[in-house]
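S.K.: Turn this into a structure:
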Amino acid sequence: MQKKVYIIHENDEWTVHLTKRLDELKLPYESWHLDKGMLNLNKEPPRGVFYNRMSASSHTRGHRYAPEFTGAVIDWLEFYNRKIFNGSNALRFEINKVKQYTHLEKEGIKTPKTLAALGKEEILKAAEELNTFPFIIKHNRAGRGLGVNLFKSINELDIYINSESFEDSIDGISLIQEYIKCPGAFIIRSEFIGQKYLYSVKVDTLGGFELCPADSCQIGSMFCPVGTAPGESSETGTHAKFEIVENPYTELIMKYEDFLVKNNIDVAGIEFIVDESGLAYTYDVNTNTNYNTQAEEKAGIFAMLELAKFLAKELEAVK
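M.R.: Next up is the predicted model:
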């Protein structure tokens, strides 16, 4: 049987950009869409390399148990010693922000002050213990900034969590976190392929917290309502929402690379924000990373092409 690249995912719209690049390189591949399936534990997997693109936001597309089934598939692949990129540990990072923050801090990477809570009363208690205003709450298992809300007082939070507008995390765990104010209203997302730094993209946050860079999220998709036209600022329309820039935080980039190596994460987008004093806070590790076409075309660098080349090299090495 011919060896291939196997793409593990649950969203065709986010995967087509990679498969187009694999087609360009004439690389054999197969898409494993794991919103449903069957697994024979006694049967050997096919030969090739396996790239996991499972998303923490799969439940918003009706694929509630796709990450759990992906975990089972990856355990099977690892048992048979197949080459997997973004394997079982990367999947655990994707669906658990508490794991992200504790392991980032372990490597000396600063994160915002955060408390985790299960239950509405505990969310209020956590906000009182945080005692920092304003503050945000967010989902522990999320994606694209889902469930992020800003509050100026405990009373505002109390009204929200006891209203019909309250949206609980799919795993039931809410994070109560200090709000980091950036004077320029932007965040930086750094992209890594093969645990090596590729580029950074500056993201305008004036339009809110749902900051998925995928093209399918830039057209008013109900699953990623950023509310702007492709490439436009959320407020003025005069500058790009996503812009590839030079990243001056070189020491932080090196720490990120070390973090990825130690935690067996091969492909990722890591986001940080800089406060008014110039201090950088890292708040999200995306192991299912997407790229913005307009920003890449302007900069002349294409991450999916680089990823396809990386997978091609690894496939060639498989005996």
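S.K.: mind checking the end-to-end distance for stretch 161-170?
M.R.: 15 Å (Cα to Cα, to the nearest Å).
S.K.: in that stretch, what's buried?
M.R.: Using 16 or more other Cβ atoms under 10 Å as the test for burial, stretch 161-170 gives 161, 166, 169-170. For every residue, glycine as well, the C-beta is placed using N, CA and C.
S.K.: Can you flag which of those residues belong to helices?
M.R.: Counting by DSSP state H, the buried residues of stretch 161-170 place Ile161 in helices.
S.K.: export the buried residues of stretch 161-170 to JSON lines and tack on distance to Gly37?
M.R.: Supplementary listing: these in JSON lines, determined by distance: Cβ to Cβ, whole Å:
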{"residue": "Ile161", "distance to Gly37": "36"}
{"residue": "Phe166", "distance to Gly37": "33"}
{"residue": "Ser169", "distance to Gly37": "25"}
{"residue": "Ile170", "distance to Gly37": "20"}
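S.K.: Between which two of the buried residues of stretch 161-170 is the distance greatest?
M.R.: Spatial extent of those (Cβ to Cβ) is set by the pair Ile161 and Ile170 at 16.3 Å.
S.K.: Show me the domain layout of this protein.
M.R.: 4-94+310-317, 114-178, 182-302 (automatic domain parsing).
S.K.: quick one, which of those domains is nearest to Tyr101?
M.R.: Nearest to Tyr101, of the domains of the chain and by Cβ to Cβ, is domain 114-178 at 5.7 Å.
S.K.: tell me which of the buried residues of stretch 161-170 is nearest to Lys255?
M.R.: Looking across these and measuring by Cβ to Cβ, the closest to Lys255 is Ser169, at 27.7 Å.
S.K.: Kindly state the pLDDT recorded for that closest one?
M.R.: Here the pLDDT value assigned to Ser169 is 95.
S.K.: Not counting sequence-adjacent ones, nearest residue to it?
M.R.: Nearest residue to Ser169, sequence neighbours excluded (Cβ to Cβ, 6 or more residues apart in numbering): His139, at 3.6 Å.
S.K.: now Cys182
M.R.: That would be Ile273: by Cβ to Cβ, 6+ apart, it lies 5.1 Å from Cys182.
S.K.: and if you look at Ala308?
M.R.: Nearest one to Ala308, counting by Cβ to Cβ, 6+ apart, is Arg21 at 3.8 Å.
S.K.: quick one: Ile301 from Glu191, how far?
M.R.: 10 Å (Cβ to Cβ, to the nearest Å).
S.K.: which residues are in contact with both of these two?
M.R.: 198-199 (Cβ atoms under 8 Å, 6 or more residues apart in numbering).
S.K.: neighbours around Gly172, how many?
M.R.: As a burial measure, Gly172 scores 12 neighbours (other Cβ atoms under 10 Å).
S.K.: Looks like it contacts Ala116 (just checking).
M.R.: No - counting by Cβ atoms under 8 Å, Gly172 sits too far from Ala116 to count as a contact (10.4 Å).
S.K.: Tell me how many other residues crowd the residue nearest to Gln177 when sequence neighbours are not counted.
M.R.: Of all residues not flanking Gln177 in the chain, Thr114 sits nearest, at 4.5 Å (Cβ to Cβ, 6+ apart). As a burial measure, Thr114 scores 22 neighbours (other Cβ under 10 Å).
S.K.: need the contact list for Thr114.
M.R.: So Thr114 contacts 98, 101, 175-178 (Cβ under 8 Å, 6+ apart).
S.K.: That one and Asp168: what is the separation?
M.R.: Where Asp168 is concerned, Thr114 sits at a distance of 17 Å (Cβ to Cβ).
S.K.: Equivalent analysis for Glu129, please.
M.R.: Taken as Cβ to Cβ, the span from Glu129 to Asp168 is 20 Å.
S.K.: Also Thr19?
M.R.: Counting by Cβ to Cβ, the gap from Thr19 to Asp168 is 34 Å.
S.K.: From Val285, how far off is the closest residue to Pro28 other than its chain neighbours?
M.R.: Sequence neighbours aside, Lys4 is the residue nearest to Pro28 in space, at 4.4 Å (criterion: Cβ to Cβ, 6+ apart). Look at Lys4 and Val285: by Cβ to Cβ, they are 28 Å apart.
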